[in-house]
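**Q** My questions concern the predicted model and sequence given below.
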Amino acid sequence: MIQIYHNPECGTSRNSLAMIKASGEDLEVIEYLRTPPSRERLCQLIQSMGITPRELLRRKGTPYDELGLDEPSLDDDALIDAMIAHPILINRPIVVTARGTALCRPSEKVLTLLANPVPRFVKEDGEVVYVSEADQ
């Protein structure tokens, strides 16, 4: 089953979700602002994506600046603590499939994680996305 850590207010997240639904695969939608991941789960996701906690931080529309999270001396634990305390700091959407886990920005990145991606998808803004051979 596919999991998506989703924010329905985010266009990128909505587009990724729509591409998953169009693929016809089983799906679990986790609205992470309502049901945030545990610290352990967040650490698992970060490790699975092969990124650092800093790379997962969202700046726009968050308390990033007020919390001083641009301070280079903050270690991974401090950044994870901030994301646990303020889930809006977790960038989205995070998608987990049998093919891997990824922060799907841009939304079409989700196509590489799907077993049966639709060959053509129209995003909310009208942009048409085609599945390439690399996405299959």
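**A** Structure's in. What do you need?
**Q** What strand or helix carries the spatially closest residue to Ala18 that is not a sequence neighbour?
**A** Using Cβ to Cβ, 6 or more residues apart in numbering and skipping residues adjacent in sequence, the residue nearest Ala18 is Phe121, 7.3 Å away. No exception for glycine: its C-beta is placed from N, CA and C like everyone else's. Taking DSSP states H and E as the definition, Phe121 sits inside strand 120-122.
**Q** What pairs with that strand, parallel or antiparallel?
**A** Strand 120-122 sits in its sheet next to strand 128-130 (antiparallel), going by DSSP bridges.
**Q** got the contact list for the strand it pairs with?
**A** Contacts of strand 128-130 with the rest of the structure, by Cβ atoms under 8 Å, 6 or more residues apart in numbering, involve Met19, Ser107, Glu108, Leu111, Pro119, Arg120, Phe121, Val122, Lys123.
**Q** quick revisit: tell me how far the residue nearest to Ala18 lies from Met19.
**A** Going from Phe121 to Met19 by Cβ to Cβ, to the nearest Å gives 5 Å.
**Q** Could you tell me which residues touch both of those two?
**A** Shared contacts of Phe121 and Met19, counting by Cβ under 8 Å, 6+ apart, come down to Glu108, Val129.
**Q** Which helix runs longest in the protein?
**A** helix 11-23 (DSSP state H).
**Q** list the buried ones in that helix?
**A** By neighbour count on 16 or more other Cβ atoms under 10 Å, the buried set for helix 11-23 is Thr12, Ser13, Arg14, Asn15, Ser16, Leu17, Ala18, Met19, Ile20, Ser23.
**Q** so where do the strands sit in the protein?
**A** Using DSSP state E, the strands of the chain run over 2-6, 27-31, 94-97, 100-103, 120-122, 128-130.
**Q** could I get those as a markdown table with distance to Leu74, mean pLDDT and mean neighbour count?
**A** Shown next, in a markdown table, are those (distance: least, Cβ to Cβ, whole Å; pLDDT from 0 to 100; neighbours: other Cβ atoms under 10 Å):
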| stretch | distance to Leu74 | mean pLDDT | mean neighbour count |
| --- | --- | --- | --- |
| strand 2-6 | 23 | 98 | 23 |
| strand 27-31 | 26 | 98 | 15 |
| strand 94-97 | 21 | 98 | 24 |
| strand 100-103 | 20 | 98 | 18 |
| strand 120-122 | 38 | 93 | 14 |
| strand 128-130 | 36 | 92 | 13 |
